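Novice: A predicted structure for the sequence below; I have some questions about it.
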Amino acid sequence: MAKVAVIEKPLREKLGEEGSQSLVNLMNVSKEEQKQEMLTIVEDKFEHRLTKEIGNVNERITKETGVLKLAISQTEQRLDNRITIEISKVNERMTEEIGKVNERMTEEIAGVKNQISDTRADLIKWMFIFWIGQVGALLGILFAFFK
């Protein structure tokens, strides 16, 4: 420990060397105790302020977390709405395209049916012509044979 103060000669003469040294020691001990008390007070104040600031930070984090959760929820809702709208649009387009394909298929089937009926009519016509020719040829052979 360093000396706190220099004791002047008149006081040193009245107190003596041991008294002077005791006074210096008393002052040093008193100074050290005051220093420790001051450190304790400052530590307590610092700890109190730090606790308060941590509480404030935790409160702000809680508020910001709530804001973020709300923003995330709103974003999810907007995305869900957007996805629903897009799916509806795709469904509408698919329905339109399916309708167009059905119309084309119906037209094609109707065309094929017409071709089949036209072909059938031609076949029946040619069958009757063939049969008439066969009957005529057979009658001609029979008339020629019976004459």
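Specialist: Great, that's in hand. In this text, all values refer to a predicted model and were calculated from it rather than measured experimentally. Numbers count the residues shown, from 1 in each chain.

Novice: Might one say that Ile7 is in contact with Leu15?
Specialist: Yes: here Ile7 reaches Leu15: they are 7.5 Å apart, a contact under Cβ atoms under 8 Å. C-beta coordinates here come from the backbone N, C-alpha and C atoms, glycine included.

Novice: which one of those two has more residues nearby?
Specialist: Set Ile7 next to Leu15 and count neighbours by other Cβ atoms under 10 Å: Ile7 wins out with 18 against 14.

Novice: Three-state assignment for the more buried one, please.
Specialist: coil (DSSP: H, G, I helix; E, B strand; the rest coil).

Novice: How is Ser117 assigned, secondary-structure-wise?
Specialist: Criterion first, three-state DSSP; result for Ser117: helix.

Novice: Ok, the one 3 residues further on next?
Specialist: With three-state DSSP as the basis, the three-state label of Arg120 is helix.

Novice: so how far is Leu79 from it?
Specialist: Distance of Arg120 to Leu79, computed by Cβ to Cβ, to the nearest Å: 60 Å.
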